[in-house]
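Pasting the sequence and the predicted model now:
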Amino acid sequence: QVQLVESGGGLVQAGGSLRLSCAASGSGFSINAMAWYRQAPGQQRESVAHITSEGITKYTDSVKGRFTISRDNAKNTVYLQMTSLKPEDTAVYYCAADPSRWTLYTGNYDYWGQGTQVTVSS
């Protein structure tokens, strides 16, 4: 079993920056694809960014050029650096992980965190 714990959310003004972190822990696990998703009130959860252990990344169009996903494989930790934040980025951000690199394309992640709130004020 894999546990994912997110941190780094909070309240920020529009145009500001935040860095989210997600650490994976457990025993006997192997993680390849890791990702960030978000869910705004009344909306469906949407993909934000993905990264494989080889460093292949994928972003949703609305965050390209503003968000950067990275990871430390030795620490089983993924990060999301968010800049030029907009009020529409307000959501609960969830970390996801999976043993397969191909999950970057399917989105069928096995493991999910509890989420961290990001609020961007105008």
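Nice, I can see it. Numbers count the residues shown, from 1 in each chain.

Now do the spatially most central residue of the chain against Glu88, distance only.
Of all residues in the chain, the one closest to the mean position by C-alpha atoms, centre = their mean is Trp36, 2.0 Å from it. Distance of Trp36 to Glu88, given as C-beta to C-beta, to the nearest Å: 16 Å. C-betas here are computed from N, CA, C, even on glycine.

repeat for Val5
Val5 is 26 Å from Glu88, by C-beta to C-beta.

Who has more neighbours out of the two?
Neighbour count, other C-beta atoms under 10 Å: between Val5 and Glu88, Val5 has more, with 14 against 11.

Confirm that one sits in a helix?
No. Secondary structure assignment places Val5 outside any helix; it is strand (DSSP: H, G, I helix; E, B strand; the rest coil).

Write down the beta-bridge partners of it, one by one.
Going by DSSP bridges, Val5 is paired in beta bridges with Ala23.

Enumerate every residue touching it.
Contact partners of Val5, counting by C-beta atoms under 8 Å, 6 or more residues apart in numbering, are Cys22, Ala23, Ser25, Gly113, Gln114.

next one: Val12
Val12 makes contact with Leu18, Leu85, Val118, Thr119, Val120, Ser121, according to C-beta under 8 Å, 6+ apart.

can you pull the buried residues of the strand or helix carrying it?
In the assignment (DSSP states H and E), Val12 maps to strand 10-13. Across strand 10-13, burial judged by 16 or more other C-beta atoms under 10 Å covers Val12.
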